[in-house]
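>>> Predicted structure and sequence below. I'll ask about it afterward.
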Amino acid sequence: MLKTPPSPVMTKEEVEAFLEREFPQMHHGGQSCFIEEIGPHSARMRMAYQERHLRPGGTISGPAMMALADYVLYAAILGSLGPIALAVTTNLSFNFLRKPLQRDLMAKCRLLKVGRRLVMGEVAIVSEGSADIVCHATGTYALP
């Protein structure tokens, strides 16, 4: 039986304020990613559909989905462990499963392992209004 993860140590608003303060470059050109929820070892984020995220052929680019996955993973870590500015991505792996629809993307992260030095999680990205996963990612962060 799995243990219930502890309650988040940072609220959605606290995570947003931290990211705004420490990583203002994330909103260069206008904000496109929005935290919707911080939960126990989890986070949910929306990436607004914008032309700057498209690639030739009119689909949302892989790099845009990669950024969203990394961002929601970091938000889940912050919510679970607190403000750790020096946590760094050590691994990200992506499986692009289908072409996303031309609408907002929703990313849901769940942390699988929270250790003293490493945190590992998985991210499922779907097009808004669809249950079909367009991208599945796993990632690991190293903690200072």
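Thanks, I have it.

>>> Go through the helix or strand hosting residue 70 and flag the buried ones.
For residue 70, the host element (DSSP states H and E) is helix 62-81. By 16 or more other Cβ atoms under 10 Å, the buried positions in helix 62-81 come out as 64-81. C-betas here are computed from N, CA, C, even on glycine.

>>> in its sheet, what does the helix or strand following it sit against?
Of the helices and strands lying after helix 62-81 in sequence (DSSP H and E), the nearest is strand 88-96. Using DSSP bridges, strand 88-96 pairs in its sheet with strand 133-142 (antiparallel).

>>> What lies in contact with the partner strand?
Contact with strand 133-142 is made by 65-66, 69-70, 73-74, 77, 87-100, 105, 117-127, as judged by Cβ atoms under 8 Å, 6 or more residues apart in numbering.

>>> ok so, going back, model confidence over the helix holding residue 70, on average?
For helix 62-81, mean pLDDT rounds to 97.

>>> Output the contacting helices and strands for it.
Under the contact definition 3 or more Cβ pairs under 8 Å, 6 or more residues apart in numbering; DSSP states H and E, helix 62-81 sits against helix 12-22, strand 33-39, strand 42-47, strand 88-96, strand 105-114, strand 118-127, strand 133-142.

>>> tell me the angle of the last one relative to strand 105-114?
So that's strand 133-142. Calculated by axes from the mean of the first three to the mean of the last three Cα atoms, to 10 degrees, strand 133-142 forms an angle of 40 degrees with strand 105-114.

>>> Good, wrapping up.
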